[in-house]
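>>> Structure of the sequence below:
(one chain, ligands or ions: 1)
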Amino acid sequence: MKTLPFVLLSAVAAVSLLAHEGHPHAPAAAMKLVSPIPNSPENLANGKKLYGEKCAACHGADGRSATTTAAAAKVKPADLTSHHVTMLTPGEIYWVTTHGIPMSGMPANLNLNVRERWQLVEYTRELGKLK
Ligand code: HEC
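Model (predicted):
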């Protein structure tokens, strides 16, 4: 039974991979979604305004999630300037902004229209560039 320890190890590795933030939250199809709006000063300005209203409480004004809400949260809000998040495609950020992340506290934003959600994506990506 030489294979059993290996099988067990693989199972443990798979479970910890799922729990890790490296696991993609958006489905593969979301990766390729393309923004229908230009990265214009107007869209970024509205994205910043919406970010202040909808995201900053958890992720902080600078995106680094050094907030009291984040400190108290069971699942830590991602650092939006981190390698993990800056490597996400705009489509993946759009997907998590739209649908949220189940069981984590990250809320859906289905009440915002498509344009507003893409403005949030543009601004979130801007935060990652400011690092
Ligand atoms: C109530 C707290 C909360 C709010 C508000 C919130 N988030 Fe999050 N966010 C989280 C948590 C928690 C995670 C990490 C979830 C995980 O790793 O399982 C997260 C993760 C993310 C990620 C990483 C997604 C990934 O695939 O790893 C992005 C991008 C993000 N949030 C963007 C936003 C944006 C944009 C907004 C505003 C529209 C927002 N969040 C509002 C809690 C929040």
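>>> lowest-confidence helix or strand of this structure?
helix 3-19 (a mean of 51; mean pLDDT, DSSP states H and E).
>>> distance between the helix or strand following it and the chain's centre?
Going down the chain from helix 3-19, the next helix or strand is helix 41-54, by DSSP states H and E. Helix 41-54 has its C-alpha centroid displaced from the chain centroid by 16 Å (CA atoms, centre = their mean, to the nearest Å).
>>> And stretch 62-79, by the same measure?
12 Å.
>>> Flag every buried residue along that stretch.
Within stretch 62-79, the residues that qualify as buried are Gly63, Arg64, Ser65, Thr67, Ala70, Pro77, Ala78, Asp79, counting by 16 or more other CB atoms under 10 Å. Quick note: C-beta positions are derived from backbone N, CA and C, even for glycine.
>>> Hmm, Leu110 is touching Thr98, no?
Yes. Counting by CB atoms under 8 Å, Thr98 is a contact partner of Leu110 at 6.6 Å.
>>> Have a look at those two and say which one is more surrounded.
Remark: of Leu110 and Thr98, Thr98 carries more neighbours, 19 against 10, as counted by other CB atoms under 10 Å.
>>> Identify the residues contacting that one.
Residues in contact with Thr98 (CB atoms under 8 Å, 6 or more residues apart in numbering) are Ala108, Asn109, Leu110, Arg117.
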